[in-house]
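Trainee: Quick one: sequence plus predicted model below, questions after.
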Amino acid sequence: MSTTTEGKRDVMHSKWTIPAFSVAMGVVLLGANIAGHQLVLGLWSLGIMVLFGAAVLLGGRSETVRGLRGDGRDERFAMLDLQATAMAGLALIIAVIVAFIVEVARGHSGEPYDWLGAIGGLAYLAAVIVFRVRG
């Protein structure tokens, strides 16, 4: 059962959203690498992002690609997406904590991992409070 209204597609669930975002990020990466005097790396970055966008756009009948793309979303894929997001967040939090510990052990201040960890922790606490109040 679809949660969108008939005849009106959500922009975030368009099959063009991820490919367009990928190409846009490729252009941003190209610009950043040009600013950093690394044209070849910028072209590689753009190429990788364009290929990824094309793979998602032309993914055909793959249920996974259609779910990522947005035109095959349902309640089950929404739950898979939520679980995958939680797993990615946990992996990122662990990486930030480990990187902070390594930097401190090397005698450094732990930056930028200290403020990344703080942002993650504060965002988590804010989300718990908001979801608790709403629920």
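Mentor: Great, that's in hand.
Trainee: Domain boundaries for this structure, per the record?
Mentor: For the chain, the structural domains run 1-73, 74-135, going by automatic domain parsing.
Trainee: Now render those as a markdown table, adding mean neighbour count.
Mentor: Glycine gets a C-beta too; all of them are placed from N, C-alpha and C. Formatted as a markdown table, the domains of the chain follow (neighbours: other C-beta atoms under 10 Å):
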| stretch | mean neighbour count |
| --- | --- |
| domain 1-73 | 14 |
| domain 74-135 | 12 |
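Trainee: Select from the ones you listed the stretch with the lowest mean pLDDT.
Mentor: Of all the domains of the chain, the minimum mean pLDDT falls on domain 1-73 (a mean of 82).
Trainee: Over to the residue in the chain sticking out farthest from the centre: give its phi and psi.
Mentor: Most distant from the centre of the chain: Gly107, at 31.9 Å, with distances by C-alpha atoms, centre = their mean. Note on Gly107: its backbone torsions stand at phi 90, psi 10 [degrees, to the nearest 10].
Trainee: And the one 3 residues further on, by the same measure?
Mentor: As for Gly110, its main-chain torsions (degrees, to the nearest 10) stand at phi 90, psi 0.
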